[in-house]
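In: Only the shape, not the letters, is given here:
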């Protein structure tokens, strides 16, 4: 047990907890003792009681995270929350929860951390002397518009700062809640400061509810793409992740749907299963798609060099081998058919209009007063 709650040893009936995707809550890789669920024939029935979401406030010391990955078109990002209530079973960010002494399983989607001082920290960090403005990505690890954003409005406060100082950003989400902030996003788009992305994993409502239980349903994501596009916000759609033998057959239908909704650019990512995520995903398959489990995992391994995950740069997003090559060909043909990804400046945003904040009590404010 730690300061954030109970471990799996005391969580009864973790299998098929209503409203959640993970089917276990095993100990993280950094814990001194490991726990695993064992069926001894007693008290192992399904738990029909919804697992309550708990939110802890984190007094963050900095908010902009840098990266040097050649696989992504940005070098900095912001995550307003740790953990994600959407609970997507395939989420590659799940293992990050173990750094908090929590599980990548049910803890990740039920024990969340909010950063209420995010906007304040952002203003301070972009005010620093020598700061070079480049697009900040939001939604790279956990969703900026997960359900608790409706009340917390931390993502909205970040957007207000970015808009105020003409700082560019990109947003990736699975939630229709993004359209709440059109009053900020539309003016930012007119100034060339924002691009929005919606991830549409499937058009099958039942599959969506099973593998991403608290994310917006597919049609609501398509609605969000339409509303954003109609408001002049450049919108990208992601068919991600692609899961062999589960949703890969939907590539044609999903890309046609997002193009019809107004997306001008589209991408896809092959499912990644780092660290604890492999066992979590296999448990989920066994509980929900037992007849497909071996087929899904074998086809994934065939595209990952015989493993469930390939962390190498330039390989981890699309895989390798004959089936991965065929997927790339299919995707390219669909982009041509629907006239997508035509612009060479897909990720080009304006940085020239950035205005450095002048904070009270800073050297900048004193110099400004002497002018």
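Out: Great, that's in hand. Here the structure is a predicted model, which is why all the values come from computation and not from measurement.
In: Neighbours of residue 258, how many?
Out: Using other Cβ atoms under 10 Å, the number of residues around residue 258 comes to 27. Placement of C-beta: from N, CA and C, glycine included.
In: That one and residue 142, how far apart?
Out: Residue 258 sits 22 Å away from residue 142, going by Cβ to Cβ, to the nearest Å.
In: Which element, helix or strand, includes the nearest residue to residue 288 once chain neighbours are set aside?
Out: Once flanking residues are discounted, residue 288 sits nearest to residue 210: 5.6 Å by Cβ to Cβ, 6 or more residues apart in numbering. Per DSSP states H and E: residue 210 is located in helix 205-211.
In: List the buried residues for that helix?
Out: When neighbours are counted by 16 or more other Cβ atoms under 10 Å, the buried residues of helix 205-211 are found to be 207, 208, 209, 210, 211.
In: what about it, distance to the chain center?
Out: 17 Å (Cα atoms, centre = their mean, to the nearest Å).
In: again, but for stretch 274-293
Out: 20 Å.
In: for that stretch, which positions count as buried?
Out: For stretch 274-293, burial by neighbour count (16+ other Cβ under 10 Å) applies to 274-285, 287-289, 292-293.
In: Could you tell me which of those belong to helices?
Out: Counted as lying in helices by DSSP state H, out of the buried residues of stretch 274-293, are 277, 278, 279, 280, 281, 282, 283, 284, 285, 287, 288, 293.
In: still on that earlier bit, make CSV out of the buried residues of helix 205-211 and add pLDDT and distance to residue 237.
Out: Formatted as CSV, the buried residues of helix 205-211 follow (pLDDT from 0 to 100; distance: Cβ to Cβ, whole Å):
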residue, pLDDT, distance to residue 237
207, 98, 18
208, 98, 15
209, 97, 20
210, 97, 21
211, 97, 18
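In: closest to residue 197 among those?
Out: residue 208 (17.5 Å; Cβ to Cβ).
In: follow-up on the earlier one: out of the ones in helices among the buried residues of stretch 274-293, which one sits closest to residue 223?
Out: residue 288 (26.6 Å).
In: For burial, what's the neighbour tally of residue 266?
Out: Close neighbours of residue 266, defined as other Cβ under 10 Å, add up to 22.
In: Where does it sit: helix, strand or coil?
Out: strand (DSSP: H, G, I helix; E, B strand; the rest coil).
In: Could you report the distance from it to residue 287?
Out: 31 Å.
In: Tell me where the stretch 251-371 of the chain has strands.
Out: With strands called from DSSP state E, counting those that start in this stretch, the stretch 251-371 of the chain shows them at 265-270.
In: count of residues packed around residue 341?
Out: By other Cβ under 10 Å, the residues close to residue 341 number 17.
In: What sits closest to residue 136 if chain neighbours are left out?
Out: residue 169 (4.6 Å).
In: low pLDDT regions in the stretch 51-200 of the chain?
Out: Under the criterion pLDDT under 70, the flagged ranges of the stretch 51-200 of the chain are 69-72.
In: Where do the strands of it begin and end?
Out: In the stretch 51-200 of the chain, the strands defined using DSSP E, counting those that start in this stretch lie at 54-57, 64-66, 76-78, 81-82, 111-114, 136-138, 169-173, 194-199.
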